[in-house]
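Novice: dropping a prediction and its sequence here:
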Amino acid sequence: MIIFKGVIKYQEPLVSATVDGSGNLKLSSNSKHRFIVDTGFAGDIAVPYTMLPKLNLKFLGYDKFVLATNKPIVLPVFEGWVKIKRKRVKVEIIPGDELIGMKFLEKACSQLIVDFDKAEVKLLG
């Protein structure tokens, strides 16, 4: 069963999301925010600093992360929710680039399909 579809542009698997009226991040095919599905990101979700005030978040504390450049960084960590159709997933959100990580994918779906021939991404569950 397909939970959600995204696209591939410039060799990046992208999933669109928006903030709903309750302050949840909601996967939505008609949103201007495009999140890269990043299998190298072990966490849940990273959002731009400008999006943080729009989300209904609970501050959890600070944690240390290692960037792709191997540079360590300390960031605030928040608890929030992501909605995919009727499913609601509790996630940890950090500020940064618009990324969907492996921890979220493991919680939200059973398979990730990146189909370069069709230029689409599918989350299956």
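Specialist: That came through fine. Numbers count the residues shown, from 1 in each chain.

Novice: so the spatially most central residue of the chain versus residue 4, what's the distance?
Specialist: Ranked by distance to the mean C-alpha position of the chain (C-alpha atoms, centre = their mean), the top residue is residue 100 at 2.9 Å. Residue 100 sits at a distance of 10 Å from residue 4 (criterion: C-beta to C-beta, to the nearest Å). In this view, the C-beta of every residue, glycine as well, is placed from N, C-alpha and C.

Novice: is it correct that the residue nearest to the centre of the chain is in contact with residue 16?
Specialist: No. Contact between residue 100 and residue 16 fails when scored by C-beta atoms under 8 Å: they sit 10.8 Å apart.

Novice: list residues touching both of these two?
Specialist: residue 35 (C-beta atoms under 8 Å, 6 or more residues apart in numbering).

Novice: thinking again about what came up before, what's the overlap in contacts for residue 100 and residue 4?
Specialist: Shared contacts of residue 100 and residue 4, defined by C-beta under 8 Å, 6+ apart, comprise residue 15.

Novice: who does the lengthiest strand in the chain touch, helix- and strand-wise?
Specialist: Secondary structure of the chain per DSSP state E: the longest strand is strand 72-84. Here strand 72-84 touches strand 25-27, strand 58-66, strand 87-95, helix 102-108, going by 3 or more C-beta pairs under 8 Å, 6 or more residues apart in numbering; DSSP states H and E.

Novice: please redo it, this time with the cut-off set to 10 Å
Specialist: The contact analysis (3 or more C-beta pairs under 10 Å, 6 or more residues apart in numbering; DSSP states H and E) places strand 72-84 against strand 12-19, strand 25-27, strand 45-47, strand 58-66, strand 87-95, helix 102-108.

Novice: let's see the first one as PDB, backbone CA atoms only.
Specialist: Pointing back at strand 12-19 there. The C-alpha coordinates for strand 12-19 follow below in PDB (Å, rounded to 0.1, in the frame of the first residue of the first chain):
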ATOM      1  CA  GLU A  12      17.400  14.200  -4.900                       C
ATOM      2  CA  PRO A  13      14.400  12.200  -3.600                       C
ATOM      3  CA  LEU A  14      12.000  14.800  -2.400                       C
ATOM      4  CA  VAL A  15       8.800  14.700  -0.300                       C
ATOM      5  CA  SER A  16       6.600  17.800   0.100                       C
ATOM      6  CA  ALA A  17       5.300  18.800   3.500                       C
ATOM      7  CA  THR A  18       3.400  21.700   5.100                       C
ATOM      8  CA  VAL A  19       2.400  22.800   8.600                       C
END
